[in-house]
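J.: A structural model of the following input is requested.
(2 chains)
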Amino acid sequence: MVGIKSYGAYIPRYRINHNTIFSAVGFLGTFPPPGENAIANHDEDTLSMAVAAGVDCLNGMKREEIDGLYLATTSQPYMLRQNSALIAAALDLQNSIRTADFVGSTKSGTSALLSAFDAVKGGTSTNVLVCASDCRVSKPGSSQEHLYGDAAAAVLMGSDDVIATLEGHFSVSYDFPDRWKATSEKFEHAWEDRFIRDAGYAKIIPETISGLLKKYNLAITDFTKIAFPDLYPREHAAIVKRLGADPGQIQGSLLDKVGDTGSASPLMMLVAALEDAKPGDKIMIASFGNGSDAMFFQVTENIKKMGKRRGIKKNLETKKELASYEKYLAFRNLTPVELGMRGEIGFRTPMSTLFRERKTVLALCGSKCKRCGTPQYPPQRICVNPDCGAVDQMEGYRFSDKKGVLFTYTGDNLAASIDPPAIYGFVDFDGGGRFWFDITDCDLDSTKVGMPVEMTFRRRYVDESGGVYGYSWKAMPVRA
Amino acid sequence: MAEGIKDKVAIIGMGCTKFGELWDKGAEDLMVDSFQECIEDAGIEKKDIQAAWFGVHFEEQSVGKGATSMALALKLPFIPVTRVENFCATGTEALRGACYGVASGAYDIALALGVEKLKDTGYGGLPGGPGLMGSRNALIMPKITAPGSFAMMATRYFAVYGLSPEEGKKMLARVSAKSHHNGSLNPKAHLRREITVEQVMNAPIIAWPLGLFDCCGVSDGSAAAIVTTAEMAKKFRPDPVYIKSLQIALSSGEELMYTKWDGAHVETGLRAGALAYKEAGVKDPRKEISMAEVHDCFSITEAVTMEDLQFSPRGKVKEDIEAGRFNLDGEQPVQPDGGLKCFGHPIGASGLRMMYEMYKQLQGKAQLPERQLKNPKLGLTHNMGGFPAMNIVSVAIVGL
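T.: Model prediction:
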């Protein structure tokens, strides 16, 4: 049976309280409800979060068996240069893989999941990783600003050892113009909320859920958990009531903890539901955006064998408040800030170097000496072990999934950084290998020699004149 | 069997500009200034010079590539001029080229000149930029600055030897306060104010744990030397200074990528020092080296260098610093001219500036009596380029 083999999620460390936003731009007349949003760090974006969710999902899975990777988003960094191919490179997946970007609608997460299902069911793919991620930049003072949060979820679709089988699905599509954005625009537009709520949300979601029930001759009470975006909490409750569902069947809200995570939202709720699921549970999810996809899953015995995941719960637990709205604006490049002339030195990304070194840069792959066993980064042809020195006796060695300890560090106020001091140091990897890395999601005061660290894929720079987003791996304190 | 260059080459003339933020002088002006002092001191004419070595690091900030800028500025008459560059050890590389040119028998008289015009960038610190370490490194290396890279060695030193940040910073503060005292006596130094240990410790942090006064200045300057064969040297002056050794060691990648290095010393410093002592026949550096100018780009660099050069036992430099061993009136004065700390670090010039101080001290010609050391026998210069984990160290020993 085709279904979910594994899941993962990523919620960035920073949260911004709605009050922080309100006290800065509340004069513009937007009144947010209580709560907080997950905020990507200055070095995070849609792709870095998608990789983090993918890493969580692939924990303990065989990466060489993945033959499909779909990205679902409405905030892809690149219009040209396939974003999913970049994610596949960062995850060190094989070259013989199908990659595709599902973009342009917040239902893209479920669209990608359904396409992955079709591909596995049709036999054209075996294991398809779906990463749904959104890091949407909103206009300061807009209602989207306090509504949207940044996060990513990942689901691995396959046909063996599935933890939940995909039993059915139903979709509707409308050119419903609730939100839109032209190719050249930085911010989205929205029609008035009453229109979105009453003409769209309140009609389209019941239509797709009812369609699913009718198609498979199911009753709403058959489901253990039902999850659909709660963009309008009061209307959300009204829909539940109209459907005849018990509030206890409804998956808990993430709106006041993470925010509306766009394309990731239905998959985030699916992951949250799976975290608490028992064999035999029936889970329904539905998306919202230019229509809706509804699908339902039946949880299998394999759920008991699921390895440890950060998922939603662990990611929610580890957080740090971003108390400065101005810093948030700087992180999102919404206000010009002084980086000093050192920070203005241009850098043209050498694309041919990047391609030649793609495994080194994007996948954090080094080499391991077949003669003496020493792992080394970046990959070497001559072994760095002074007692070995073997020539061309190397095999590939991936460091991105290795933990390590901080050998030494500094907090540098001279280096240009949007969030000074720039913290960097040396990592001694468990199992061998040493190199220097930026350290992120980290505070200088709590940084210590010998501190356990893990690796995280981040956006290292934006080369504006060249139109390039540069990515590589950084170290960070091990997140609980 | 190679026998090294001990006592085969002598320095017969040197020149050194005042170092500082010389807003009204370009690199070419600085070259002319150090060169004219140098040939006047040597008592030779320009036409006597048969070959020249030219050291400059950040050529894009000032003179451009190649060696033509020096040939043109000094109007050298169609002689071979070679440009050398090896990070912050560039100045000593220029001297090494000239000395080997003479030692080989190819030339009788050669010029080494280093220059750097740093103060045309518009910002503090050394010129930066992601491309400085090559294109692959630009894609994977953190944006490491010079103070940050050495700060990581201080962090490591404190951890390895169990020093609290306060203890460690105090040890380092004494290094800087000592150099500022020496610099205050030197008319050619850039920074000429005494500072207290408390001022150093309370200064704004540049890269934790290093503060402003743990960092050397950023300056413009030039220094030059004329070298000749040992046989000819006394024809030019009664007190030529002989090269006893001139060694250099480069990182192998072991420090950066292998897990054996302790991060609390500079491996190349240890290696280059040992090679230099062997070439010069020095058995006990702590006793035999009368004075030294070492690469104190940061206070921690000088501290670990005392151990790398075997002036202090490993891990024990704190005791020597506290005992005042390296003070101007101590047993083994280090940075008698004020060091990089007070001269600043015009990259291409620094190695030759260090040698200028050793040369003048050996000749008894330090400008002021209160600066002159009593009967020094052997002087050592230590010029380091790069980061503690990936670098070049050159060590030169000279004597009368």
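J.: B:Thr17 contacts B:Ser222, doesn't it?
T.: Yes. Here B:Thr17 reaches B:Ser222: they are 5.0 Å apart, a contact under Cβ atoms under 8 Å. Backbone N, C-alpha and C define where each C-beta goes, glycine included.
J.: which residues are in contact with both of the two?
T.: Overlap of the contact sets of B:Thr17 and B:Ser222 (by Cβ atoms under 8 Å, 6 or more residues apart in numbering or on different chains) consists of B:Leu30, B:Asp33, B:Ser34, B:Ala349.
J.: which parts of the stretch 301-450 of chain A are strands?
T.: Taking DSSP state E, counting those that start in this stretch as the criterion, the stretch 301-450 of chain A contains strands spanning A:320-321, A:365-369, A:375-376, A:394-398, A:404-412, A:422-429, A:434-438.
J.: would you turn those strands into a markdown table with mean neighbour count and distance to chain B?
T.: A markdown table is the format used below for these (neighbours: other Cβ atoms under 10 Å in any protein chain shown; distance: least, Cβ to the nearest Cβ, whole Å):
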| stretch | mean neighbour count | distance to chain B |
| --- | --- | --- |
| strand A:320-321 | 13 | 20 |
| strand A:365-369 | 22 | 8 |
| strand A:375-376 | 24 | 5 |
| strand A:394-398 | 16 | 12 |
| strand A:404-412 | 26 | 4 |
| strand A:422-429 | 25 | 4 |
| strand A:434-438 | 25 | 4 |
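J.: out of those, which is closest to B:Asp24?
T.: strand A:404-412 (32.4 Å; Cβ to Cβ).
J.: show me how far that closest one is from its chain's centre.
T.: Centroid separation between strand A:404-412 and its chain, computed with Cα atoms, centre = their mean, to the nearest Å, is 27 Å.
J.: relative to strand A:434-438, how tilted is it?
T.: 50 degrees (axes from the mean of the first three to the mean of the last three Cα atoms, to 10 degrees).
J.: how about the contacts made by B:Val84?
T.: Counted by Cβ under 8 Å, 6+ apart, B:Val84 has contacts B:Trp53, B:Phe54, B:Gly55, B:Thr90, B:Glu93, B:Ala94, B:Gly97.
J.: biggest separation within the shared contacts of B:Thr17 and B:Ser222, which pair?
T.: Every pair of the shared contacts of B:Thr17 and B:Ser222 checked by Cβ to Cβ; the farthest is B:Asp33 and B:Ala349, at 11.1 Å.
J.: of these two, give the one with the bigger neighbour count.
T.: B:Ala349 (36 against 21; other Cβ atoms under 10 Å in any protein chain shown).
J.: measure stretch A:343-355 end to end?
T.: 25 Å (Cα to Cα, to the nearest Å).
J.: output the below-cut-off pLDDT ranges for the stretch 101-250 of chain A.
T.: Counting by pLDDT under 70, the stretch 101-250 of chain A contains no low-confidence segment.
J.: what lies in contact with stretch A:169-186?
T.: A:79, A:114, A:117, A:137, A:187-191, A:195-196, A:199-200, A:204, A:207-208, A:211-212, A:215, A:289-296.
J.: could you pull out the helices for chain A?
T.: In chain A, the helices defined using DSSP state H lie at A:18-25, A:46-58, A:83-90, A:108-121, A:143-147, A:193-195, A:202-215, A:233-243, A:265-275, A:311-317, A:325-331, A:351-356, A:358-361.
J.: how about the fourth one: buried residues?
T.: Yep, that's helix A:108-121 we're talking about. Residues of helix A:108-121 classed as buried: A:Ser108, A:Gly109, A:Thr110, A:Ser111, A:Ala112, A:Leu113, A:Leu114, A:Ser115, A:Ala116, A:Phe117, A:Ala119, A:Val120 (neighbour count, 16 or more other Cβ atoms under 10 Å in any protein chain shown).
J.: what of the fifth one?
T.: In terms of neighbour count (16+ other Cβ under 10 Å), helix A:143-147 has its buried residues at A:Gln144, A:Glu145, A:His146, A:Leu147.
J.: nice, that's everything, thank you.
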